[in-house]
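Participant: here's a sequence, model it:
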Amino acid sequence: MPSVPAQSGPAQSGPAQSGPPRPPDGSPSPQGGFGAPRNTSPAPGAAPRRTAWAEGVDRLRAAATTEPGRLRIIGAVLALLVVAFGAVTAWQMTERSAAADNVLHRSEPLSASAADIYRSLADANTAASSGFLAGGQETQATRERYEGDIRTAAAKLITAANSSEAGSASAKTISQLNELLPEYKGLIERARANNRQGYPLGGAYLRYANDTMQHEMLPRAAQLYQRENQRLNADYADAKPYPWAAIALGLLALAALALAQRRNYRRTNRVLNQGMAAATAASLVVLLWLTVGHTLARSGLDESYDHGVRSLNVLHDAQIASLKARGNENLTLVSRGAETKTLADGKTTVDLYDYNFDQDMKALTQGLAVAAGLANDSSGEKPVQAATANMKVWKQRHALARKADNDGEYQVALDRVIGSADKKPTGECFDGVDTNLRLALDHEQAEFQRSASDGLGAMTGLPAGAAVLGVLAAAGAVLGIGRRLSEYR
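Facilitator: Numbering: from 1, shown residues only. Okay, here's the model as predicted:
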(Lines give C-alpha, C1' and ligand atoms only; values in the text may rest on other atoms or scores of the structure.)
Protein backbone atom coordinates (compact mmCIF):
# COMPACT_ATOMS: atom_id res chain seq x y z
CA MET A 1 0.00 0.00 0.00
CA PRO A 2 1.42 3.33 -0.95
CA SER A 3 2.19 5.62 1.93
CA VAL A 4 0.26 8.86 2.47
CA PRO A 5 2.44 11.83 2.09
CA ALA A 6 3.04 13.82 5.29
CA GLN A 7 1.05 17.12 5.69
CA SER A 8 2.86 20.25 6.52
CA GLY A 9 1.59 22.79 9.07
CA PRO A 10 -0.74 22.26 11.99
CA ALA A 11 -3.41 19.62 11.98
CA GLN A 12 -6.85 20.86 10.91
CA SER A 13 -10.07 19.72 12.48
CA GLY A 14 -13.59 20.33 11.26
CA PRO A 15 -14.53 22.00 8.04
CA ALA A 16 -12.37 24.59 6.55
CA GLN A 17 -13.26 28.18 7.45
CA SER A 18 -13.78 30.77 4.80
CA GLY A 19 -13.45 34.49 5.10
CA PRO A 20 -10.95 36.60 6.91
CA PRO A 21 -9.30 35.25 10.02
CA ARG A 22 -10.70 36.11 13.47
CA PRO A 23 -8.57 38.60 15.39
CA PRO A 24 -6.75 37.01 18.30
CA ASP A 25 -8.36 39.33 20.93
CA GLY A 26 -11.92 38.50 19.90
CA SER A 27 -12.78 42.02 18.79
CA PRO A 28 -15.14 42.41 15.85
CA SER A 29 -13.60 42.47 12.49
CA PRO A 30 -14.35 45.31 10.11
CA GLN A 31 -16.23 42.94 7.91
CA GLY A 32 -18.74 42.09 10.65
CA GLY A 33 -17.36 38.72 11.75
CA PHE A 34 -17.29 37.42 15.32
CA GLY A 35 -18.22 40.10 17.87
CA ALA A 36 -19.98 42.42 15.43
CA PRO A 37 -23.02 44.34 16.83
CA ARG A 38 -26.34 42.57 16.40
CA ASN A 39 -28.90 44.01 14.10
CA THR A 40 -32.03 44.10 16.33
CA SER A 41 -34.33 45.58 13.73
CA PRO A 42 -36.82 43.07 12.38
CA ALA A 43 -36.14 41.64 9.01
CA PRO A 44 -38.26 43.00 6.23
CA GLY A 45 -41.68 41.35 6.28
CA ALA A 46 -41.23 39.94 9.82
CA ALA A 47 -43.92 40.55 12.50
CA PRO A 48 -43.07 43.41 14.97
CA ARG A 49 -42.09 42.50 18.50
CA ARG A 50 -45.11 42.45 20.86
CA THR A 51 -45.32 44.89 23.78
CA ALA A 52 -45.03 43.89 27.42
CA TRP A 53 -48.67 44.84 27.94
CA ALA A 54 -49.83 42.54 25.15
CA GLU A 55 -47.72 39.71 26.50
CA GLY A 56 -49.13 40.28 29.98
CA VAL A 57 -52.66 40.15 28.61
CA ASP A 58 -51.84 36.88 26.87
CA ARG A 59 -50.48 35.40 30.08
CA LEU A 60 -53.57 36.57 31.98
CA ARG A 61 -55.83 35.06 29.34
CA ALA A 62 -53.90 31.81 29.50
CA ALA A 63 -54.13 31.78 33.29
CA ALA A 64 -57.88 32.35 33.08
CA THR A 65 -58.28 29.08 31.23
CA THR A 66 -57.33 27.18 34.40
CA GLU A 67 -59.24 27.11 37.64
CA PRO A 68 -56.24 28.24 39.79
CA GLY A 69 -55.71 31.17 37.47
CA ARG A 70 -59.34 32.16 37.64
CA LEU A 71 -59.28 31.95 41.43
CA ARG A 72 -56.26 34.23 41.58
CA ILE A 73 -58.01 36.80 39.39
CA ILE A 74 -61.16 36.60 41.53
CA GLY A 75 -59.12 37.06 44.70
CA ALA A 76 -57.32 40.10 43.29
CA VAL A 77 -60.59 41.72 42.18
CA LEU A 78 -62.26 41.10 45.56
CA ALA A 79 -59.29 42.48 47.49
CA LEU A 80 -59.18 45.56 45.26
CA LEU A 81 -62.90 46.25 45.69
CA VAL A 82 -63.00 45.95 49.47
CA VAL A 83 -59.81 47.99 49.90
CA ALA A 84 -61.19 50.69 47.59
CA PHE A 85 -64.47 50.64 49.56
CA GLY A 86 -62.66 51.10 52.87
CA ALA A 87 -60.36 53.80 51.49
CA VAL A 88 -63.12 55.86 49.87
CA THR A 89 -65.28 55.55 52.99
CA ALA A 90 -62.40 56.73 55.19
CA TRP A 91 -61.66 59.62 52.82
CA GLN A 92 -65.23 60.87 52.44
CA MET A 93 -66.10 60.54 56.11
CA THR A 94 -62.87 62.25 57.16
CA GLU A 95 -63.88 65.25 55.06
CA ARG A 96 -67.41 65.30 56.46
CA SER A 97 -66.24 64.82 60.02
CA ALA A 98 -63.78 67.70 59.66
CA ALA A 99 -66.51 69.95 58.25
CA ALA A 100 -68.87 69.02 61.11
CA ASP A 101 -66.10 69.78 63.60
CA ASN A 102 -65.63 73.19 61.97
CA VAL A 103 -69.35 73.86 62.30
CA LEU A 104 -69.28 73.10 66.03
CA HIS A 105 -65.91 74.53 67.07
CA ARG A 106 -64.97 77.16 64.51
CA SER A 107 -67.43 78.68 62.06
CA GLU A 108 -70.49 78.92 64.34
CA PRO A 109 -68.53 80.41 67.28
CA LEU A 110 -66.98 82.93 64.87
CA SER A 111 -70.42 83.75 63.50
CA ALA A 112 -71.67 84.26 67.05
CA SER A 113 -68.64 86.47 67.80
CA ALA A 114 -69.38 88.59 64.73
CA ALA A 115 -72.99 88.95 65.90
CA ASP A 116 -71.71 89.96 69.35
CA ILE A 117 -69.54 92.64 67.76
CA TYR A 118 -72.57 94.09 66.01
CA ARG A 119 -74.74 93.81 69.12
CA SER A 120 -72.11 95.38 71.38
CA LEU A 121 -71.59 98.32 69.04
CA ALA A 122 -75.34 98.94 68.68
CA ASP A 123 -75.87 98.60 72.43
CA ALA A 124 -73.00 100.99 73.17
CA ASN A 125 -74.60 103.54 70.87
CA THR A 126 -77.94 103.10 72.63
CA ALA A 127 -76.36 103.43 76.09
CA ALA A 128 -74.48 106.54 75.01
CA SER A 129 -77.68 108.24 73.79
CA SER A 130 -79.51 107.27 76.99
CA GLY A 131 -76.70 108.72 79.09
CA PHE A 132 -76.73 111.90 77.02
CA LEU A 133 -80.45 112.39 77.60
CA ALA A 134 -79.90 112.05 81.34
CA GLY A 135 -77.27 114.80 81.19
CA GLY A 136 -75.60 115.35 84.54
CA GLN A 137 -77.88 112.71 86.07
CA GLU A 138 -76.48 109.84 83.99
CA THR A 139 -76.63 106.70 86.10
CA GLN A 140 -73.64 104.55 86.93
CA ALA A 141 -75.41 101.55 85.38
CA THR A 142 -75.78 103.33 82.03
CA ARG A 143 -72.13 104.37 82.06
CA GLU A 144 -70.95 100.87 82.96
CA ARG A 145 -73.14 99.38 80.24
CA TYR A 146 -71.55 101.63 77.64
CA GLU A 147 -68.02 100.87 78.81
CA GLY A 148 -68.75 97.14 78.98
CA ASP A 149 -70.08 97.15 75.40
CA ILE A 150 -66.98 98.92 74.13
CA ARG A 151 -64.70 96.43 75.92
CA THR A 152 -66.71 93.50 74.54
CA ALA A 153 -66.54 94.84 71.00
CA ALA A 154 -62.78 95.38 71.27
CA ALA A 155 -62.20 91.88 72.68
CA LYS A 156 -64.36 90.23 70.01
CA LEU A 157 -62.52 92.15 67.30
CA ILE A 158 -59.23 90.75 68.60
CA THR A 159 -60.66 87.22 68.56
CA ALA A 160 -61.98 87.69 65.03
CA ALA A 161 -58.64 89.12 63.86
CA ASN A 162 -56.76 86.09 65.21
CA SER A 163 -59.13 83.74 63.37
CA SER A 164 -59.14 85.53 60.00
CA GLU A 165 -56.65 85.02 57.20
CA ALA A 166 -54.14 87.79 56.60
CA GLY A 167 -55.13 89.95 53.65
CA SER A 168 -58.69 88.61 53.51
CA ALA A 169 -61.79 90.79 53.25
CA SER A 170 -62.67 89.95 56.86
CA ALA A 171 -59.23 91.01 58.07
CA LYS A 172 -59.61 94.33 56.25
CA THR A 173 -63.04 94.91 57.78
CA ILE A 174 -61.74 94.13 61.27
CA SER A 175 -58.86 96.56 60.79
CA GLN A 176 -61.27 99.31 59.75
CA LEU A 177 -63.46 98.69 62.80
CA ASN A 178 -60.42 98.84 65.06
CA GLU A 179 -59.59 102.25 63.61
CA LEU A 180 -63.15 103.57 63.90
CA LEU A 181 -63.76 102.39 67.47
CA PRO A 182 -61.43 104.90 69.23
CA GLU A 183 -62.70 107.64 66.91
CA TYR A 184 -66.26 106.88 67.98
CA LYS A 185 -65.29 106.85 71.67
CA GLY A 186 -63.67 110.25 71.28
CA LEU A 187 -66.83 111.72 69.77
CA ILE A 188 -68.95 110.33 72.61
CA GLU A 189 -66.64 111.81 75.25
CA ARG A 190 -66.79 115.23 73.57
CA ALA A 191 -70.57 114.97 73.46
CA ARG A 192 -70.67 114.14 77.18
CA ALA A 193 -68.28 116.93 78.11
CA ASN A 194 -70.25 119.58 76.21
CA ASN A 195 -73.57 118.24 77.44
CA ARG A 196 -72.52 118.48 81.11
CA GLN A 197 -71.59 122.10 80.60
CA GLY A 198 -74.90 122.81 78.90
CA TYR A 199 -73.41 123.51 75.49
CA PRO A 200 -75.67 122.67 72.50
CA LEU A 201 -72.56 121.45 70.69
CA GLY A 202 -72.89 118.23 72.69
CA GLY A 203 -75.93 117.22 70.68
CA ALA A 204 -74.06 117.78 67.42
CA TYR A 205 -71.20 115.59 68.60
CA LEU A 206 -73.63 112.87 69.62
CA ARG A 207 -75.38 112.96 66.24
CA TYR A 208 -72.01 112.83 64.51
CA ALA A 209 -71.01 109.85 66.64
CA ASN A 210 -74.33 108.18 65.82
CA ASP A 211 -73.77 108.78 62.08
CA THR A 212 -70.31 107.21 62.39
CA MET A 213 -71.84 104.21 64.09
CA GLN A 214 -74.85 103.85 61.77
CA HIS A 215 -73.17 104.51 58.43
CA GLU A 216 -69.62 103.25 58.92
CA MET A 217 -69.24 100.90 61.88
CA LEU A 218 -72.47 98.89 61.90
CA PRO A 219 -72.46 98.27 58.11
CA ARG A 220 -68.92 96.90 58.39
CA ALA A 221 -69.90 94.77 61.38
CA ALA A 222 -72.85 93.48 59.34
CA GLN A 223 -70.48 92.55 56.48
CA LEU A 224 -68.27 90.64 58.91
CA TYR A 225 -71.32 88.83 60.28
CA GLN A 226 -72.50 87.92 56.77
CA ARG A 227 -69.09 86.53 55.79
CA GLU A 228 -68.90 84.37 58.90
CA ASN A 229 -72.41 83.11 58.19
CA GLN A 230 -71.34 82.24 54.64
CA ARG A 231 -68.41 80.27 56.04
CA LEU A 232 -70.78 78.48 58.42
CA ASN A 233 -73.13 77.60 55.56
CA ALA A 234 -70.19 76.31 53.50
CA ASP A 235 -69.14 74.01 56.35
CA TYR A 236 -72.69 72.69 56.61
CA ALA A 237 -72.70 72.08 52.84
CA ASP A 238 -69.46 70.06 53.16
CA ALA A 239 -70.64 68.02 56.15
CA LYS A 240 -74.15 66.98 55.10
CA PRO A 241 -74.02 65.36 51.59
CA TYR A 242 -74.35 61.59 51.48
CA PRO A 243 -71.12 59.71 50.59
CA TRP A 244 -72.60 58.19 47.43
CA ALA A 245 -69.24 57.03 46.04
CA ALA A 246 -68.49 55.00 49.17
CA ILE A 247 -72.01 53.58 49.29
CA ALA A 248 -71.82 52.53 45.62
CA LEU A 249 -68.45 50.86 46.15
CA GLY A 250 -69.77 49.05 49.22
CA LEU A 251 -72.73 47.64 47.31
CA LEU A 252 -70.44 46.60 44.45
CA ALA A 253 -68.03 44.87 46.84
CA LEU A 254 -70.85 42.99 48.55
CA ALA A 255 -72.27 41.92 45.20
CA ALA A 256 -68.86 40.67 44.06
CA LEU A 257 -68.36 38.73 47.30
CA ALA A 258 -71.80 37.17 46.98
CA LEU A 259 -71.13 36.09 43.40
CA ALA A 260 -67.75 34.64 44.35
CA GLN A 261 -69.27 32.60 47.16
CA ARG A 262 -72.10 31.40 44.93
CA ARG A 263 -69.53 30.29 42.37
CA ASN A 264 -67.58 28.49 45.09
CA TYR A 265 -70.72 26.71 46.30
CA ARG A 266 -71.70 25.55 42.81
CA ARG A 267 -68.25 24.12 42.15
CA THR A 268 -67.55 22.53 45.54
CA ASN A 269 -70.95 22.15 47.24
CA ARG A 270 -69.41 23.86 50.27
CA VAL A 271 -71.83 26.28 51.84
CA LEU A 272 -69.29 28.36 53.74
CA ASN A 273 -65.90 29.74 52.85
CA GLN A 274 -64.68 31.23 56.11
CA GLY A 275 -62.38 33.82 54.56
CA MET A 276 -64.94 35.21 52.12
CA ALA A 277 -67.66 35.03 54.77
CA ALA A 278 -65.48 37.16 57.06
CA ALA A 279 -64.82 39.60 54.21
CA THR A 280 -68.56 39.86 53.53
CA ALA A 281 -69.35 40.45 57.21
CA ALA A 282 -66.66 43.16 57.52
CA SER A 283 -67.86 44.91 54.36
CA LEU A 284 -71.47 44.75 55.50
CA VAL A 285 -70.54 46.24 58.88
CA VAL A 286 -68.75 49.14 57.17
CA LEU A 287 -71.68 49.78 54.82
CA LEU A 288 -74.24 49.73 57.64
CA TRP A 289 -72.04 51.87 59.87
CA LEU A 290 -71.54 54.32 57.02
CA THR A 291 -75.22 54.56 56.13
CA VAL A 292 -76.64 54.69 59.65
CA GLY A 293 -73.84 56.84 61.06
CA HIS A 294 -74.04 59.46 58.34
CA THR A 295 -77.84 59.49 58.45
CA LEU A 296 -77.74 60.19 62.20
CA ALA A 297 -75.02 62.81 61.70
CA ARG A 298 -77.02 64.50 58.96
CA SER A 299 -80.13 64.49 61.16
CA GLY A 300 -78.21 66.09 64.02
CA LEU A 301 -76.69 68.73 61.74
CA ASP A 302 -80.09 69.50 60.18
CA GLU A 303 -81.59 69.96 63.63
CA SER A 304 -78.69 72.14 64.73
CA TYR A 305 -79.26 74.36 61.71
CA ASP A 306 -83.08 74.47 61.76
CA HIS A 307 -83.51 74.88 65.52
CA GLY A 308 -80.13 76.40 66.26
CA VAL A 309 -78.49 78.49 63.58
CA ARG A 310 -81.69 79.74 61.95
CA SER A 311 -83.20 80.68 65.30
CA LEU A 312 -79.97 82.34 66.38
CA ASN A 313 -79.81 84.41 63.20
CA VAL A 314 -83.41 85.55 63.58
CA LEU A 315 -82.95 86.38 67.27
CA HIS A 316 -79.72 88.26 66.58
CA ASP A 317 -81.53 90.35 63.96
CA ALA A 318 -84.41 90.99 66.34
CA GLN A 319 -82.06 92.05 69.12
CA ILE A 320 -80.19 94.40 66.81
CA ALA A 321 -83.50 95.89 65.61
CA SER A 322 -84.53 96.55 69.23
CA LEU A 323 -81.18 98.20 70.01
CA LYS A 324 -81.39 100.42 66.95
CA ALA A 325 -84.99 101.29 67.76
CA ARG A 326 -84.00 102.34 71.28
CA GLY A 327 -81.13 104.43 69.97
CA ASN A 328 -83.36 106.20 67.43
CA GLU A 329 -85.99 106.80 70.11
CA ASN A 330 -83.39 108.56 72.25
CA LEU A 331 -81.98 110.54 69.33
CA THR A 332 -85.46 111.79 68.47
CA LEU A 333 -85.39 113.71 71.75
CA VAL A 334 -81.73 114.71 71.35
CA SER A 335 -82.12 116.21 67.89
CA ARG A 336 -85.50 117.89 68.58
CA GLY A 337 -86.39 117.90 64.91
CA ALA A 338 -82.96 118.94 63.65
CA GLU A 339 -82.74 115.89 61.40
CA THR A 340 -85.59 115.31 58.94
CA LYS A 341 -86.43 112.99 56.07
CA THR A 342 -88.58 113.53 53.00
CA LEU A 343 -90.73 110.55 52.17
CA ALA A 344 -91.11 108.95 48.75
CA ASP A 345 -94.06 111.18 47.82
CA GLY A 346 -91.65 114.13 47.83
CA LYS A 347 -94.00 116.23 49.95
CA THR A 348 -94.15 114.76 53.44
CA THR A 349 -91.29 115.57 55.82
CA VAL A 350 -90.83 113.60 59.04
CA ASP A 351 -88.34 113.39 61.88
CA LEU A 352 -85.48 111.17 60.67
CA TYR A 353 -84.95 109.30 63.94
CA ASP A 354 -88.65 108.79 64.60
CA TYR A 355 -89.02 107.39 61.07
CA ASN A 356 -86.07 105.05 61.66
CA PHE A 357 -87.63 103.97 64.96
CA ASP A 358 -90.81 102.90 63.13
CA GLN A 359 -88.77 100.91 60.60
CA ASP A 360 -86.80 99.21 63.36
CA MET A 361 -89.96 98.28 65.23
CA LYS A 362 -91.39 96.71 62.07
CA ALA A 363 -88.22 94.62 61.76
CA LEU A 364 -88.46 93.67 65.44
CA THR A 365 -92.12 92.66 65.10
CA GLN A 366 -91.38 90.49 62.09
CA GLY A 367 -88.31 88.95 63.71
CA LEU A 368 -90.16 87.97 66.88
CA ALA A 369 -92.95 86.40 64.83
CA VAL A 370 -90.45 84.27 62.91
CA ALA A 371 -88.57 83.36 66.09
CA ALA A 372 -91.82 82.19 67.71
CA GLY A 373 -92.45 79.93 64.72
CA LEU A 374 -88.97 78.43 64.89
CA ALA A 375 -89.10 77.74 68.64
CA ASN A 376 -89.71 74.02 69.10
CA ASP A 377 -90.22 73.82 72.88
CA SER A 378 -91.66 75.83 75.74
CA SER A 379 -88.22 76.92 76.94
CA GLY A 380 -87.65 78.61 73.61
CA GLU A 381 -91.19 79.95 73.21
CA LYS A 382 -91.59 81.65 76.61
CA PRO A 383 -88.84 84.30 76.29
CA VAL A 384 -89.94 85.11 72.73
CA GLN A 385 -93.54 85.54 73.88
CA ALA A 386 -92.41 87.73 76.77
CA ALA A 387 -90.31 89.87 74.42
CA THR A 388 -93.32 90.24 72.11
CA ALA A 389 -95.51 91.38 74.99
CA ASN A 390 -92.89 93.95 76.08
CA MET A 391 -92.60 95.20 72.51
CA LYS A 392 -96.35 95.87 72.29
CA VAL A 393 -96.30 97.91 75.49
CA TRP A 394 -93.20 99.72 74.20
CA LYS A 395 -95.10 100.83 71.10
CA GLN A 396 -97.95 102.18 73.23
CA ARG A 397 -95.67 104.10 75.58
CA HIS A 398 -93.62 105.44 72.67
CA ALA A 399 -96.78 106.85 71.10
CA LEU A 400 -97.55 108.69 74.35
CA ALA A 401 -94.00 110.05 74.53
CA ARG A 402 -94.17 111.30 70.94
CA LYS A 403 -97.51 112.97 71.61
CA ALA A 404 -96.09 114.79 74.61
CA ASP A 405 -93.05 115.92 72.60
CA ASN A 406 -95.18 117.13 69.70
CA ASP A 407 -97.36 119.04 72.18
CA GLY A 408 -94.29 120.89 73.46
CA GLU A 409 -94.06 118.96 76.74
CA TYR A 410 -90.44 117.95 76.37
CA GLN A 411 -89.86 117.01 80.03
CA VAL A 412 -92.94 114.78 80.03
CA ALA A 413 -91.70 113.10 76.85
CA LEU A 414 -88.25 112.68 78.40
CA ASP A 415 -89.74 111.08 81.53
CA ARG A 416 -91.76 108.69 79.36
CA VAL A 417 -88.53 107.57 77.68
CA ILE A 418 -85.87 107.47 80.44
CA GLY A 419 -87.79 108.41 83.59
CA SER A 420 -88.26 106.46 86.80
CA ALA A 421 -90.48 103.41 87.02
CA ASP A 422 -93.52 105.38 88.24
CA LYS A 423 -93.43 107.33 84.96
CA LYS A 424 -93.82 104.06 83.00
CA PRO A 425 -90.93 104.80 80.64
CA THR A 426 -90.23 103.01 77.38
CA GLY A 427 -86.82 102.09 78.81
CA GLU A 428 -88.50 99.41 80.95
CA CYS A 429 -90.03 97.83 77.86
CA PHE A 430 -86.76 97.95 76.00
CA ASP A 431 -84.98 96.27 78.90
CA GLY A 432 -87.68 93.58 78.96
CA VAL A 433 -87.28 92.93 75.23
CA ASP A 434 -83.49 92.84 75.49
CA THR A 435 -83.43 90.56 78.54
CA ASN A 436 -85.86 88.05 77.06
CA LEU A 437 -84.05 88.01 73.73
CA ARG A 438 -80.82 87.20 75.58
CA LEU A 439 -82.58 84.30 77.31
CA ALA A 440 -83.89 83.03 73.98
CA LEU A 441 -80.41 83.32 72.45
CA ASP A 442 -78.85 81.36 75.30
CA HIS A 443 -81.46 78.62 74.89
CA GLU A 444 -80.99 78.34 71.12
CA GLN A 445 -77.21 78.35 71.50
CA ALA A 446 -77.50 75.39 73.88
CA GLU A 447 -79.81 73.65 71.38
CA PHE A 448 -77.26 74.18 68.63
CA GLN A 449 -74.43 72.82 70.75
CA ARG A 450 -76.40 69.70 71.67
CA SER A 451 -77.56 68.88 68.13
CA ALA A 452 -74.26 69.66 66.44
CA SER A 453 -72.38 67.59 69.03
CA ASP A 454 -74.74 64.67 68.36
CA GLY A 455 -74.14 65.01 64.64
CA LEU A 456 -70.38 65.06 65.03
CA GLY A 457 -70.47 62.19 67.52
CA ALA A 458 -72.32 59.97 65.03
CA MET A 459 -69.27 60.13 62.73
CA THR A 460 -66.70 59.55 65.47
CA GLY A 461 -64.42 56.60 64.66
CA LEU A 462 -66.03 55.92 61.30
CA PRO A 463 -63.06 56.91 59.06
CA ALA A 464 -60.53 54.83 61.02
CA GLY A 465 -62.97 51.97 61.51
CA ALA A 466 -63.76 51.82 57.80
CA ALA A 467 -60.07 51.71 56.89
CA VAL A 468 -59.30 48.93 59.37
CA LEU A 469 -62.33 46.84 58.42
CA GLY A 470 -61.54 47.34 54.73
CA VAL A 471 -58.06 45.90 55.21
CA LEU A 472 -59.47 42.99 57.25
CA ALA A 473 -62.06 42.29 54.57
CA ALA A 474 -59.37 42.24 51.89
CA ALA A 475 -57.30 39.84 53.98
CA GLY A 476 -60.32 37.61 54.49
CA ALA A 477 -61.04 37.50 50.75
CA VAL A 478 -57.42 36.63 49.93
CA LEU A 479 -57.29 33.92 52.60
CA GLY A 480 -60.57 32.46 51.41
CA ILE A 481 -59.29 32.24 47.83
CA GLY A 482 -55.97 30.88 49.09
CA ARG A 483 -57.76 28.06 50.84
CA ARG A 484 -59.29 27.00 47.53
CA LEU A 485 -55.96 27.32 45.72
CA SER A 486 -54.31 25.01 48.24
CA GLU A 487 -56.55 22.22 47.00
CA TYR A 488 -54.77 22.29 43.61
CA ARG A 489 -51.31 21.79 45.01
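Participant: elements contacting the helix or strand where residue 95 lies?
Facilitator: For residue 95, the element it lies in under DSSP states H and E is helix 67-102. Packed against helix 67-102 by the contact rule (3 or more C-beta pairs under 8 Å, 6 or more residues apart in numbering; DSSP states H and E) you find helix 52-63, helix 218-239, helix 244-268, helix 274-304, helix 426-458, helix 462-485. For every residue, glycine as well, the C-beta is placed using N, CA and C.
Participant: and those: which comes nearest residue 166?
Facilitator: Each of the helices and strands packed on helix 67-102 has some distance to residue 166 by C-beta to C-beta; the shortest is helix 218-239, at 15.2 Å.
Participant: determine how far that closest one lies from the middle of the whole chain.
Facilitator: In terms of C-alpha atoms, centre = their mean, to the nearest Å, the centre of helix 218-239 is found 10 Å from the chain centre.
Participant: neighbouring contacts of that helix?
Facilitator: With contacts defined as C-beta atoms under 8 Å, 6 or more residues apart in numbering, helix 218-239 is touched by 95-97, 99-100, 102-103, 106-108, 110-111, 113-115, 117-118, 121-122, 160, 169-170, 173-174, 176-177, 180, 297, 301, 305, 309, 313, 316, 455.
Participant: give me the buried entries from those.
Facilitator: Buried by 16 or more other C-beta atoms under 10 Å: 96-97, 99-100, 102-103, 107-108, 110-111, 113-115, 117-118, 121-122, 160, 170, 173-174, 177, 180, 297, 301, 305, 309, 313, 316, 455, out of the contacts of helix 218-239.
Participant: could you measure from residue 471 over to residue 464?
Facilitator: Residue 471 sits 11 Å away from residue 464 when distances are taken as C-beta to C-beta, to the nearest Å.
Participant: what does residue 486 give?
Facilitator: Look at residue 486 and residue 464: by C-beta to C-beta, they are 33 Å apart.
Participant: higher neighbour count, those two?
Facilitator: Neighbours per residue (other C-beta atoms under 10 Å) separate residue 486 from residue 464, with residue 464 holding more: 12 against 8.
Participant: residues in contact with that one?
Facilitator: Contact partners of residue 464, counting by C-beta under 8 Å, 6+ apart, are residue 90.
Participant: run the last query once more with 7 Å
Facilitator: Under the criterion of C-beta atoms under 7 Å, 6 or more residues apart in numbering, residue 464 has no neighbours.
Participant: need the per-residue pLDDT for it.
Facilitator: Predicted confidence (pLDDT) for residue 464: 93.
Participant: got it, and the one 10 residues further on?
Facilitator: According to the model's per-residue confidence, residue 474 sits at a pLDDT of 90.
Participant: name the nearest residue to it, ignoring sequence neighbours.
Facilitator: With C-beta to C-beta, 6 or more residues apart in numbering as the criterion, residue 474 has its nearest non-adjacent residue at 4.3 Å, and that residue is residue 79.
Participant: isn't that neighbour right up against residue 478?
Facilitator: Yes: the pair residue 79 / residue 478 is scored as a contact, 5.4 Å apart, by C-beta atoms under 7 Å.
Participant: how deep is residue 379 tucked in, by neighbour count?
Facilitator: Residues lying near residue 379 (other C-beta under 10 Å) number 14.
Participant: give the buried residues for the helix holding residue 95.
Facilitator: Neighbour-count burial for helix 67-102 flags 69, 71-72, 74-75, 78-79, 81-94, 96-102 (criterion: 16+ other C-beta under 10 Å).
Participant: for that helix, the distance to its chain's centre please.
Facilitator: Using C-alpha atoms, centre = their mean, the offset of helix 67-102 from its chain centre is 26 Å.
Participant: what do you get for stretch 192-206?
Facilitator: Chain-centre distance of stretch 192-206: 48 Å, with C-alpha atoms, centre = their mean.
Participant: that one: end-to-end distance?
Facilitator: End-to-end distance for stretch 192-206, by C-alpha to C-alpha, to the nearest Å: 8 Å.
Participant: that older thread, rounded mean pLDDT for the helix holding residue 95, please.
Facilitator: 90.
Participant: list the contacts of residue 329.
Facilitator: 357, 398, 417, 426.
Participant: list the ones among these that fall in helices.
Facilitator: Here DSSP state H is the test, and the contacts of residue 329 give 357, 398, 417, 426 as lying in helices.
Participant: low-confidence stretches in the stretch 201-350 of the chain?
Facilitator: Applying pLDDT under 70 to the stretch 201-350 of the chain flags the ranges 269-271.
Participant: try it again with 90
Facilitator: For the stretch 201-350 of the chain, applying pLDDT under 90 flags the ranges 201-204, 206-207, 210, 214, 228, 260-276, 306-308, 327-328, 330-350.
Participant: make CSV out of the contacts of residue 329 and add distance to residue 135 and neighbour count.
Facilitator: Below are those laid out as CSV (distance: C-beta to C-beta, whole Å; neighbours: other C-beta atoms under 10 Å):
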residue, distance to residue 135, neighbour count
357, 21, 23
398, 21, 22
417, 13, 25
426, 18, 25
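Participant: out of these, which is nearest to residue 272?
Facilitator: The closest of the contacts of residue 329 to residue 272 turns out to be residue 357 (C-beta to C-beta; 79.5 Å).
Participant: list the contacts for the nearest residue to that closest one once chain neighbours are set aside?
Facilitator: Once flanking residues are discounted, residue 357 sits nearest to residue 328: 4.2 Å by C-beta to C-beta, 6+ apart. When contacts are counted by C-beta under 7 Å, 6+ apart, residue 328 touches 353, 356, 357, 360.
Participant: ok, residue 328 to residue 387 distance?
Facilitator: Distance, residue 328 to residue 387, using C-beta to C-beta: 18 Å.
Participant: also residue 349?
Facilitator: Remark: distance between residue 349 and residue 387 (C-beta to C-beta) = 33 Å.
Participant: looking at those two, which is more packed in?
Facilitator: residue 387 (28 against 12).
Participant: so which strand or helix has that one?
Facilitator: helix 378-406.
Participant: so what does that helix touch, helix or strand wise?
Facilitator: helix 352-374, helix 410-418, helix 426-458 (3 or more C-beta pairs under 7 Å, 6 or more residues apart in numbering; DSSP states H and E).
Participant: nearest to residue 273, out of the ones you listed?
Facilitator: Comparison of the helices and strands packed on helix 378-406 against residue 273 by C-beta to C-beta identifies helix 426-458 as nearest, at 33.7 Å.
Participant: out of the helices and strands packed on helix 378-406, which is closest to residue 54?
Facilitator: Nearest of the helices and strands packed on helix 378-406 to residue 54, taken as C-beta to C-beta: helix 426-458 at 50.4 Å.
Participant: quick one: residues contacting residue 240.
Facilitator: Contacts for residue 240 (C-beta under 7 Å, 6+ apart) come out as 298, 301.
Participant: now with 8 Å?
Facilitator: 96, 298, 301, 302.
Participant: likewise residue 339?
Facilitator: With contacts defined as C-beta under 8 Å, 6+ apart, the neighbours of residue 339 are 207, 331, 351, 352, 353.
Participant: I'd like to know how far the last one sits from residue 367.
Facilitator: As for residue 353, its distance to residue 367 is 20 Å (criterion: C-beta to C-beta).
Participant: what does the fourth one give?
Facilitator: In this structure, residue 352 lies at 22 Å from residue 367, with C-beta to C-beta as the measure.
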